[in-house]
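Trainee: pasting a predicted model and its sequence here:
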Amino acid sequence: MSPIAQQVLKDLAPEGILHAAINFGNPVLAQPGADGEPHGVSVALAKSLAEALGVGLALHTYDAAGKVFAALEHNAWTLAFLAIEPVRAAQISFSEPYVLIEGTYLVRADAPYATIEDLDQPGLRLAVGNGAAYDLYLSRTLQHAELHRADTSAGAVELFIDQGLDAAAGVRQPLEQIAAKHPDFRVIQGAFTAIRQAVAVPRGRDAGAAYVRDFVERRLAEGFVRGALLASGQTDLSAPR
């Protein structure tokens, strides 16, 4: 085995195990299956990477992206699936995006808001999942509205409803599923950001990060990501290529 290959394994799979963090907080990327096991495009990528490395795989599930990021302090994972965000980049090396997801708002059906811009007004209160990519983005960009944070993305919707807030920010697909089941709500057209989902490796593991970047590029080119999205029911999403 070449020295660089040895370093890749040391970075990604110490003791022969790839520890991958899976975020159930974004159901576009990962979902608990009927068998209780994680499924989805991020799980498929983790399994494919472990196979390519010839190592075992341990999946560690979380209910929010903020909790995945916090677990980095405890060396709980060597691979994660997170949105690219400047505040995270100081501690994480990212691959290129493998999925692009829109961030938008859930509002009440009779709310007077028609556009994304209508939600950034003085006195408006918006629910977000603490530490989610859209929380980090809105924290930087909102000029007037006030953010109220729940522990998870699902909790943000509950907070919006229970406390009578003006909107819940989140990923378009799960918000549209809520609106489809509950006619009292609707989803704002347009997006405040395109969330770039990528594969993450802790900073300082340069050989491992380079290997993961190449791995993601190859899986995108081969159509693997697109196939995994379709297999997990994400028919309205596409890979960047």
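Mentor: Arrived safely, thanks for sending.
Trainee: and the longest helix along the chain, what does it pack against?
Mentor: Longest helix in the chain, counting residues (DSSP state H): helix 206-222. For helix 206-222, the packing partners by 3 or more CB pairs under 8 Å, 6 or more residues apart in numbering; DSSP states H and E come out as helix 3-12, helix 41-53, strand 92-94, strand 193-202. Every residue, glycine included, has its C-beta placed from N, CA and C.
Trainee: distance to residue 102, mean neighbour count and mean pLDDT added to the ones you listed, as a markdown table?
Mentor: Below are the helices and strands packed on helix 206-222 laid out as a markdown table (distance: least, CB to CB, whole Å; neighbours: other CB atoms under 10 Å; pLDDT from 0 to 100):
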| stretch | distance to residue 102 | mean neighbour count | mean pLDDT |
| --- | --- | --- | --- |
| helix 3-12 | 31 | 16 | 89 |
| helix 41-53 | 16 | 21 | 97 |
| strand 92-94 | 19 | 20 | 97 |
| strand 193-202 | 6 | 22 | 94 |
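Trainee: tell me which of the ones you listed lies nearest to residue 101.
Mentor: Proximity to residue 101, assessed across these by CB to CB, is greatest for strand 193-202 (4.4 Å).
Trainee: center of this protein, which residue is that?
Mentor: residue 82 (4.6 Å; CA atoms, centre = their mean).
Trainee: give me the beta-bridge partners of it?
Mentor: With DSSP bridges as the criterion, residue 82 is bridged to residue 198.
Trainee: does it touch residue 88 like I think?
Mentor: Yes: the pair residue 82 / residue 88 is scored as a contact, 6.4 Å apart, by CB atoms under 8 Å.
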